[in-house]
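Engineer: turn this into a model:
(one chain, ligands or ions: 1)
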Amino acid sequence: MSKIIAFIFGILVYLLFLISFLYAIGFVGNILVPKSIDSGVENALAPSILINLALLSIFAVQHSVMARPVFKKWWIKIVGKTIERSIYVLSSSLALIFLYWQWRPLKTVVWEIENATISAIVIGLYFLGWLIVLLSTFMINHFELFGLKQIFDNLKNISAKSPAFQINFFYKIVRHPIMLGFLIAFWSTPVMTVGHLIFTVTTTFYIIVAVKYLEEKDLIKHIGEPYEIYQKKVPMFIPFSKSSN
Ligand SMILES: C[S@@+](CC[C@H](N)C(=O)[O-])C[C@H]1O[C@@H](n2cnc3c(N)ncnc32)[C@H](O)[C@@H]1O
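Structural biologist: I've put the predicted structure just below:
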C-alpha cells in the first residue's frame, strides 16, 4: 500500500514540476501566462526589489540546502530514499510557484531591440535555451532527476543504484548544459526591463556560485579523479572556451 501511495505521490509531484516548468517559459518570456515577469501593477521600487530578491533567495536556499549530501543523508533517514527526490522536486516547484505569484514587476525598459530580425533571433535563442535545459536533463537522467525512477524502482522492488557520471552529448561540450540553457533563456529577451534584469543578474550569480562552490565540490568528493580530469578537458559553461575550474 505504501509503495502505491509513494508512486502516486511521485507522479503528482512530476506533473506539478511539468506545470511549473512550462509556466517558467511563459513567465520569463511574457508569453500566454496570466502573470509574467513584467505583468501586473507596478509598486514602489525599493520594496519591489527587496521582495523579488527575497523570492529568489527562498528558491536558492531551498534548492541548494536540500541538494547537499549532508542534508540528504539526514533527510533520507526521516522520509526514506524512495520519495526524497520527489520531495525535493515538490519543494522546488512550490518555491517557483510562490515566486510567480508574488513577483513584483518593474517595467522600466533597460534595453529594447528594435530591429525585427534581431528580435526574432533573440526570441529563437530564448526557446533554444529552454530546449537545451530539457534535452540535457535526458542526457544525465531525466527520470532520476525528477524522482520518477525512484518510485518505479520501489514499486518493482528494485534497489536504486546511484546515478552514473555522464560525459555524453552536451556534457562533452560543457560541464553544465542545464545551467547554460537557463542562462541563454534568461538573457535572451528583446525587451529587458528592470524587473527582468534583476531576475537575470541574480540567477546568473546564483548559478555560477552554486555550480562552482557547491555542486562541483560535491561531484569531486563523490566521483574523485575522473571528475577532476573532466574539469580539465571540458569547459564549465562556454563551449569551446579554455576549460576552467
Ligand atoms: C539540476 S542537475 C544540473 C546538472 C549540471 N549542473 C548542469 O547544469 O547540466 C544537478 C544534478 O546533476 C548531477 N550532475 C552534474 N553533472 C553530472 C554529470 N556529468 N553526470 C551525471 N550527473 C551529473 C549533480 O550531481 C546533481 O545531482
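
Engineer: confirm for me that Leu214 is in contact with Val65.
Structural biologist: No - contact criterion Cβ atoms under 8 Å: Leu214 and Val65 do not qualify, at 9.7 Å. In short, each C-beta sits where N, CA and C put it, glycine included.

Engineer: three-state assignment of Ile31?
Structural biologist: Ile31 carries the three-state label coil when classified by DSSP: H, G, I helix; E, B strand; the rest coil.

Engineer: any idea how far the ligand is from it?
Structural biologist: Taking Cβ to the nearest ligand atom, to the nearest Å as the criterion, Ile31 is separated from the ligand by 24 Å.

Engineer: now Leu56
Structural biologist: 17 Å.

Engineer: which residues sit in contact with that residue?
Structural biologist: Contacts here follow Cβ atoms under 8 Å, 6 or more residues apart in numbering; on that basis Leu56 touches Leu99, Phe199, Thr202, Thr203, Tyr206.

Engineer: try it again at 10 Å.
Structural biologist: Going by Cβ atoms under 10 Å, 6 or more residues apart in numbering, Leu56 touches Ala95, Leu99, Trp103, Ile198, Phe199, Thr202, Thr203, Phe205, Tyr206.

Engineer: only the buried subset of the residues you listed, as a ChimeraX command please.
Structural biologist: Here is the ChimeraX command that selects only those of the contacts of Leu56 that count as buried (16 or more other Cβ atoms under 10 Å):
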select :95,99,103,198,199,202,203,206
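
Engineer: and the contacts of Leu56 as a markdown table, adding pLDDT?
Structural biologist: Converted to a markdown table, the contacts of Leu56 look like this (pLDDT from 0 to 100):
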| residue | pLDDT |
| --- | --- |
| Ala95 | 98 |
| Leu99 | 98 |
| Trp103 | 98 |
| Ile198 | 98 |
| Phe199 | 98 |
| Thr202 | 98 |
| Thr203 | 98 |
| Phe205 | 98 |
| Tyr206 | 98 |
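
Engineer: of all the contacts of Leu56, which comes closest to Leu219?
Structural biologist: Closest to Leu219 out of these is Tyr206 (17.8 Å), distances taken as Cβ to Cβ.

Engineer: now the closest one: which helix or strand?
Structural biologist: Using DSSP states H and E, Tyr206 sits in helix 194-209.

Engineer: against which helices or strands is that helix packed?
Structural biologist: Secondary-structure packing of helix 194-209 (3 or more Cβ pairs under 10 Å, 6 or more residues apart in numbering; DSSP states H and E): helix 2-29, helix 45-65, strand 109-112, helix 177-187.

Engineer: need the CA coordinates for it. CSV is fine.
Structural biologist: Coordinates of each C-alpha in helix 194-209 appear next as CSV, following Å, rounded to 0.1, in the frame of the first residue of the first chain:
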residue,chain,number,x,y,z
VAL,A,194,14.4,46.4,-14.6
GLY,A,195,12.5,43.5,-13.1
HIS,A,196,13.7,41.0,-15.7
LEU,A,197,17.3,42.3,-15.3
ILE,A,198,17.1,41.8,-11.5
PHE,A,199,15.9,38.3,-12.1
THR,A,200,18.6,37.5,-14.7
VAL,A,201,21.6,39.0,-12.8
THR,A,202,20.6,37.4,-9.6
THR,A,203,20.0,33.9,-11.1
THR,A,204,23.3,34.2,-13.1
PHE,A,205,25.2,35.0,-9.9
TYR,A,206,23.4,32.1,-8.1
ILE,A,207,24.1,29.6,-10.9
ILE,A,208,27.8,30.4,-11.0
VAL,A,209,28.2,30.3,-7.2
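
Engineer: all set, thanks.
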